[in-house]
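quick check, what structure comes out for this input:
(4 chains)
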There are 2 protein chains.
Amino acid sequence: MYNPRNANTSDRMTAPIIVDTAEAEVLRALRLRGRISRTEISNITGWSKAKTSQEIRGLVDKGYLVDVGEGASQGGRKPRLLRLNNGLGYVIGIDIGATSLELALADVGGRILQRRYETTDVRLKPEIVLGRCRELIGEMLDAQGSRPGQMLGIGVGVPGPVDFARGVLVAPPLMPDWQDFPIRDFFKEFFPSVYVVVDNDVNIMALGEQRTGDGANVDHFIFVKIGTGIGAGIISNGKIHRGSDGCAGDIGHICVDKDGPICRCGNSGCLEAMAAGPAIVEKAIQAAQNGSSPLLSQMREANGGILRPEDVNAACREADQAALEIIRSSGQMVGDVLATLVNFFNPSHIFIGGGIANFGNHLLVSIRQAVLRRSLPLATTRLSINFSRAGADTGITGAVALASEYLFMVEDGLHYSF
Amino acid sequence: MYNPRNANTSDRMTAPIIVDTAEAEVLRALRLRGRISRTEISNITGWSKAKTSQEIRGLVDKGYLVDVGEGASQGGRKPRLLRLNNGLGYVIGIDIGATSLELALADVGGRILQRRYETTDVRLKPEIVLGRCRELIGEMLDAQGSRPGQMLGIGVGVPGPVDFARGVLVAPPLMPDWQDFPIRDFFKEFFPSVYVVVDNDVNIMALGEQRTGDGANVDHFIFVKIGTGIGAGIISNGKIHRGSDGCAGDIGHICVDKDGPICRCGNSGCLEAMAAGPAIVEKAIQAAQNGSSPLLSQMREANGGILRPEDVNAACREADQAALEIIRSSGQMVGDVLATLVNFFNPSHIFIGGGIANFGNHLLVSIRQAVLRRSLPLATTRLSINFSRAGADTGITGAVALASEYLFMVEDGLHYSF
DNA sequence: TTGACTTTGTCTTGAAATTGAACGAAGTTC
DNA sequence: GAACTTCGTTCAATTTCAAGACAAAGTCAA
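As a prediction, the model looks like this:
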């Protein structure tokens, strides 16, 4: 195991672009709109036209903003629209899953320009997995014809509890070798001028939903990932709620049945052990064996004795009763837990994502039913529960968003603008 | 029932004292410390000594701040300490419980100067209960020798879900007649220049814990009230989390046993129906009847056939096994729910308050055990679970804190300073 | 006691930040 | 095509702010 005493983990994140408070406000206004005129910025910030004009000239001179032509007239002279200079450089998003590795190279506006996908095993040593990430980053930069210094930031999502301030994993059940491994420094060694942000995989999905999905402008929502494990990303007041130890949202090990099967965490009857991907497969195999589902049995034989969650999904589409019951039961367990969380947290939206998220409406309906049955009416009348539209892309989108989140930093070091 | 169409509910709260951004910063620094020198304010705000001096002169001239003499020397000239001018006026805190009414008159610094306590029945019409509050406020002001205009704000805590922005109760199970009743306007009619803030009773307890209890400087905590009902106040990032409909923290109706007794909310096996005061009494009566606790039986006879939660508590102190088991079982149910919430929210502290909160360590120990057994180690290693030190005073303290919370308002109307 | 050194708070002054108003450019509307 | 709008810049006037000088009050050690 990695020895943390040898690590030189940098507790302080450094952003590549330092701006002053006024510039940060312009950038914040910019993010609200995407493309924006000077007059609009003046209205949003409350500054005089003179100051706004001057501030923007500074930002354009530094190359952070570019003029992108005229906008529609409001009854007078057409405004000149500005946006972030995409030529400023690139950011990298990395989504590390239990069995896969996904990377994207994007411009500072968050538009993805290149992607890489590979299968891997996260139980391997971090040097191996992250080393491969470094290689792939190099590949993408080369393909982009990038000059040194054009890569500005890296956002990494990992499937385990993260101490966000230090950027390390803490007691990750899935990947014990990663405990306290200084992910940030590992990348910084190769790309010294780049800042690196590490977060939980579900948190980045929530961030992705907020930035590029239906979570925009939603104050309070929960993003639930159902895949090999189950986890939640919490947006409270428009910001990720990480809790006091950075492990908020770890709902996979909530107890749903005291007499349930033993989970890998040691307890019995955890939500994850009863409703996530492996549990679904397990039940499907039983159904295939005991003859209650000839279809699943047939699929299993065709697959060489193996069943995957996708097969159960396919069986659902064929209206296979056993498969439907498996999914319905998973949805109900997830929904029962969510009902508790809805009463407690009162979000306006719940987004479901992860590998199981494409399982069509059977899953969604049973989740909704369970939540509505057990939550307070006041909390559910305006509650929306839906799949994340970004689907399988939510993770990588969020990783890119995480990277661009900390691109600009206010000089006092306390507040992040973007 | 009150007809909301006739109401003229003012959606916008108006604070009696409007300050500019700079003044608000001084007041914020003041709240951090209580009494503070100009130099300290200069350090906290980052302003030059000149600006600080000038800003404070303005606040002293307006009468908001007063000089309270010299502080201890730091090796040179003694600083002159400033604090909020308590002579500025009074605030009123009102804590409305299911069966009781508690009011306090405090100075703007939150120091309670007078108190009133009465039993009532909250199921009565709001005009009756709130009318009595108005009378008691008048009494206290008279006793204080107050001039008109000296009362600045009222903070009201009510036992039900509150739409905080509008200051009205929404679908309150305990008090249906209060639905949409314009509490704010009811007081404003009598005290026109006063602002009124209404919030859930548990939220104000959380606020009280944050202001005058052990919750100071704690970023994320949950305040759990166990009394006639069970509810939670959530502090996320130092602020009350009210959720998207204002009903966050309503954990009393989380299901702990699908086959449990019917709750007044209509569902079965709610935490509140199984572990709160009435359930404890119910179990105690059974124990008294079936002979498993001679002590409880004896107490019941002495009380004229009635048992109260306090009696069960007293029996616990006498090591009565049946009583201990009742409390242990309540604690475990509360703890099981809290375990879920700890995994989800990852607070660093949980404070237990309400009528059952004086039940000594038996309750606390069983809650702790249940939480530790079912929560993630990472979330519990630094978690503290304790009774609220303020005890029975947390509610009224919080109501006063709520009133003083919105005493000063920044002129842009968006940010509250204090 | 005395003299050197600190801390606190005020005041003055010059520099920097910010605004208001004027103005030209560019469009719309009737 | 005249009158009115909107957009953005320029420049002088004003406001804001910080640095530094200074006086007051106090500590500390010889």
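
stretch A:56-70 - what's its average pLDDT?
Taken as a whole, stretch A:56-70 carries a mean pLDDT of 92.

correction: the previous question concerned stretch A:367-376.
Averaging the model's pLDDT scores along stretch A:367-376 yields 90.

ranges for the helices of the stretch 251-400 of chain A?
With DSSP state H, counting those that start in this stretch as the criterion, the stretch 251-400 of chain A has helices at A:271-275, A:277-289, A:294-302, A:309-317, A:321-345, A:360-374, A:377-380, A:394-405.

do the stretch 1-150 of chain A as well
A:21-33, A:38-45, A:49-61, A:126-144.

centre of the chain to the helix or strand of chain A with the lowest mean pLDDT, how far?
For chain A, scoring each helix and strand by mean pLDDT, DSSP states H and E identifies helix A:294-302 as the least confident one, at a mean of 74. Centroid displacement of helix A:294-302 relative to its chain, using Cα atoms, centre = their mean, to the nearest Å, is 35 Å.

which outside residues touch that helix?
By Cβ atoms under 8 Å, 6 or more residues apart in numbering or on different chains, the residues outside helix A:294-302 that reach it are A:284-285, A:287-289, A:291, A:306-307, A:311-312, A:314-315, A:318, A:320, A:322-323. Quick note: C-beta positions are derived from backbone N, CA and C, even for glycine.

hmm, which of those residues are the buried ones?
The neighbour-count test (16 or more other Cβ atoms under 10 Å in any protein chain shown) marks A:Ala284, A:Ile285, A:Ala287, A:Ala288, A:Leu307, A:Asp311, A:Val312, A:Ala315, A:Asp320, A:Ala322, A:Ala323 as buried among the contacts of helix A:294-302.

mind putting these into TSV with pLDDT?
Written out in TSV, the entries for the buried ones among the contacts of helix A:294-302 read as follows (pLDDT from 0 to 100):
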residue	pLDDT
A:Ala284	78
A:Ile285	80
A:Ala287	74
A:Ala288	72
A:Leu307	80
A:Asp311	80
A:Val312	79
A:Ala315	79
A:Asp320	80
A:Ala322	76
A:Ala323	77
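
with these in mind, which one is nearest to B:Ala248?
Distances from B:Ala248 to the buried ones among the contacts of helix A:294-302, taken as Cβ to Cβ, are shortest for A:Val312 (35.1 Å).

that closest one contacts A:Arg328, doesn't it?
No. Taking Cβ atoms under 8 Å as the contact criterion, A:Val312 and A:Arg328 are not neighbours in contact, 11.5 Å apart.

before we move on, back to that, so which of the helices of the stretch 251-400 of chain A is nearest DNA strand C?
Put simply, out of the helices of the stretch 251-400 of chain A the one that sits nearest DNA strand C is helix A:394-405, at 25.9 Å, with distance taken as Cβ to the nearest atom of the strand.

for that closest one, packing partners?
If contacts are counted by 3 or more Cβ pairs under 8 Å, 6 or more residues apart in numbering or on different chains; DSSP states H and E, helix A:394-405 sits against strand A:90-96, strand A:100-107, strand A:112-119, strand A:151-158, strand A:195-200, helix A:201-212.

Throw these into TSV and include mean pLDDT and distance to DNA strand D, thanks.
Below are these laid out as TSV (pLDDT from 0 to 100; distance: least, Cβ to the nearest atom of the strand, whole Å):
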stretch	mean pLDDT	distance to DNA strand D
strand A:90-96	95	28
strand A:100-107	95	23
strand A:112-119	96	29
strand A:151-158	94	27
strand A:195-200	92	28
helix A:201-212	92	26
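
distance to chain B added to the ones you listed, as TSV?
Rendered in TSV, the data for these read as follows (distance: least, Cβ to the nearest Cβ, whole Å):
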stretch	distance to chain B
strand A:90-96	19
strand A:100-107	25
strand A:112-119	28
strand A:151-158	15
strand A:195-200	11
helix A:201-212	12
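
circling back to that earlier point, can I get the helices of the stretch 251-400 of chain A in a markdown table with distance to DNA strand C?
What follows is the helices of the stretch 251-400 of chain A, written out as a markdown table (distance: least, Cβ to the nearest atom of the strand, whole Å):
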| stretch | distance to DNA strand C |
| --- | --- |
| helix A:271-275 | 52 |
| helix A:277-289 | 54 |
| helix A:294-302 | 62 |
| helix A:309-317 | 52 |
| helix A:321-345 | 39 |
| helix A:360-374 | 46 |
| helix A:377-380 | 42 |
| helix A:394-405 | 26 |
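
could you identify which of these is most buried?
Burial among the helices of the stretch 251-400 of chain A, expressed as mean neighbours by mean count of other Cβ atoms under 10 Å in any protein chain shown, is greatest for helix A:394-405, which shows a mean of 28.

check whether the next helix or strand after it contacts chain B.
Using DSSP states H and E, the helix or strand that follows helix A:394-405 towards the C-terminus is strand A:408-410. No. Remark: strand A:408-410 sits outside contact range of chain B, by Cβ under 8 Å from any Cβ of the partner chain, the gap being at least 13.2 Å.
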